[in-house]
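Participant: Got a predicted model here, sequence first, then my questions.
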Amino acid sequence: MEKRTFGLMSGMLLALVGCGGDSSSDDSAGLDVQIKTEVTDTGSISLTTTSYSMADTTIELNQKASGSIGWANHYYLFTAPQSGYISLRLKGKDSSEADLDMHISDLDGTSKHWSTLNGSSQELTVIELVAGHQYEIIIENVGDLDSENYTLTVAELNRDELGLEEKEYLAVINETETETCLRNGTSFTQSYTRSWPTIVNFKSGYFDSLEERFKMSSVSESAFKMAAEFSEKYTEDGVDGQFSSSITLGGAFTANNTSADLNFTRTYTDKFGDSTEECTSSSTGTMKFIL
């Protein structure tokens, strides 16, 4: 049974969007907190294709690479000329049969990033580069189309590219989570360390992902809180399942409002046929306001 994920609910990477989404709660609160952001120029990046038969291509920062992908993954490599944040946007066909995913790994470090929105070929994420490290981008066709055209854009961070509205901020969360699970009577514990981006609006009181808008329950000059629940029924290979999860998040602004310290508590239950998995986790982290 594969663990199902749902954005903030599971701590997985949030694909970014600057608008839209439904409220997961009727309760919300907001305050126009004065946030300070920081963006570092990353210079030019040469992006080279490595996996399929065609002439080598390079892409400079803020330009596009194009490809046509079948069932074999496409791989791109680049070396970061200096440290800083960049955005990666993948655009494929807008069709119910189309579904492309994007995975990014630091080959000289341990960080991994991904954007895997279900049933979509529109993916977007933000990563923090380390100067001199080599990065691998993997594009995967997981939809029902035998082949699909796409464009990949590696760009310097800017509000227009990310679709940020007024009072929306791009933030990157660094989190360490310890999770204890009970699967069919067997208990096990696992730990995760990860980095993922989100969009936050303290004035209107929400976190925003590509799939859902999560409302905050309270916002003050020093802290904020959020609680949300999610449940869905699904069928895989003819077997029915039901997944439910909950999250509570507490944050405290640090000096000068350039970041916030975070505490998460999560639970989830996944019933799939005769199999049941129940997990609880707690984690700490930081939210750095980037843009």
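Facilitator: Structure received. Since this is a predicted model, take the numbers as computed values, not measurements. Residues are numbered from 1 along each chain as shown.
Participant: looking at it, residue 149 is touching residue 68, isn't it?
Facilitator: Yes - with contact defined as C-beta atoms under 8 Å, residue 149 reaches residue 68; the gap is 5.0 Å. For glycine as for every other residue, the C-beta is placed from the backbone atoms N, C-alpha and C.
Participant: When these two are compared, which one has more neighbours?
Facilitator: residue 149 (14 against 11; other C-beta atoms under 10 Å).
Participant: so where does the more buried one fall, helix or strand?
Facilitator: strand 148-156 (DSSP states H and E).
Participant: What pLDDT is listed against residue 233?
Facilitator: With respect to pLDDT, residue 233 has a value of 90.
Participant: just to revisit the earlier point, dump the strand holding residue 149 to CSV, restricted to CA.
Facilitator: This file holds the C-alpha atoms of strand 148-156, laid out as CSV (Å, rounded to 0.1, in the frame of the first residue of the first chain):
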residue,chain,number,x,y,z
GLU,A,148,3.4,14.7,-24.7
ASN,A,149,5.2,18.0,-25.6
TYR,A,150,6.4,20.2,-22.8
THR,A,151,8.4,23.3,-22.0
LEU,A,152,10.7,23.6,-19.0
THR,A,153,11.6,27.1,-17.6
VAL,A,154,14.3,27.8,-15.1
ALA,A,155,13.9,31.3,-13.9
GLU,A,156,15.1,33.8,-11.4
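Participant: got the buried residues for the helix or strand following it?
Facilitator: Of the helices and strands lying after strand 148-156 in sequence (DSSP H and E), the nearest is helix 159-162. Neighbour counts over helix 159-162 (16 or more other C-beta atoms under 10 Å) mark 161-162 as buried.
Participant: Tell me how far helix 159-162 lies from the chain's centre.
Facilitator: 16 Å (C-alpha atoms, centre = their mean, to the nearest Å).
Participant: which other helices and strands contact it?
Facilitator: strand 84-91 (3 or more C-beta pairs under 8 Å, 6 or more residues apart in numbering; DSSP states H and E).
Participant: so the strand it packs on versus strand 148-156, what angle?
Facilitator: Interaxial angle of strand 84-91 relative to strand 148-156 (axes from the mean of the first three to the mean of the last three C-alpha atoms, to 10 degrees): 160 degrees.
Participant: Who does strand 84-91 pair with, and is each partner parallel or antiparallel?
Facilitator: Here strand 84-91 has these sheet partners by DSSP bridges: strand 122-129 (antiparallel), strand 148-156 (antiparallel).
Participant: and the helix or strand just after the shortest one, average pLDDT?
Facilitator: Read that as strand 122-129. Sequence-wise, the next helix or strand downstream of strand 122-129 (DSSP H and E) is strand 134-141. Mean per-residue pLDDT for strand 134-141: 88.
Participant: Tell me the gap between strand 134-141 and the middle of its chain.
Facilitator: 15 Å.
Participant: Quick check: can you name the pairing partners of that strand and their directions?
Facilitator: Short version: by DSSP bridges, strand 134-141 pairs with strand 74-79 (antiparallel), strand 100-106 (antiparallel).
Participant: Buried ones in the first one, by neighbour count?
Facilitator: When you say that, I think you mean strand 74-79. So, applying 16+ other C-beta under 10 Å, buried residues of strand 74-79: 74, 76, 78-79.
Participant: Just give me how far that strand sits from the chain centre.
Facilitator: The answer for strand 74-79 is 20 Å, by C-alpha atoms, centre = their mean.
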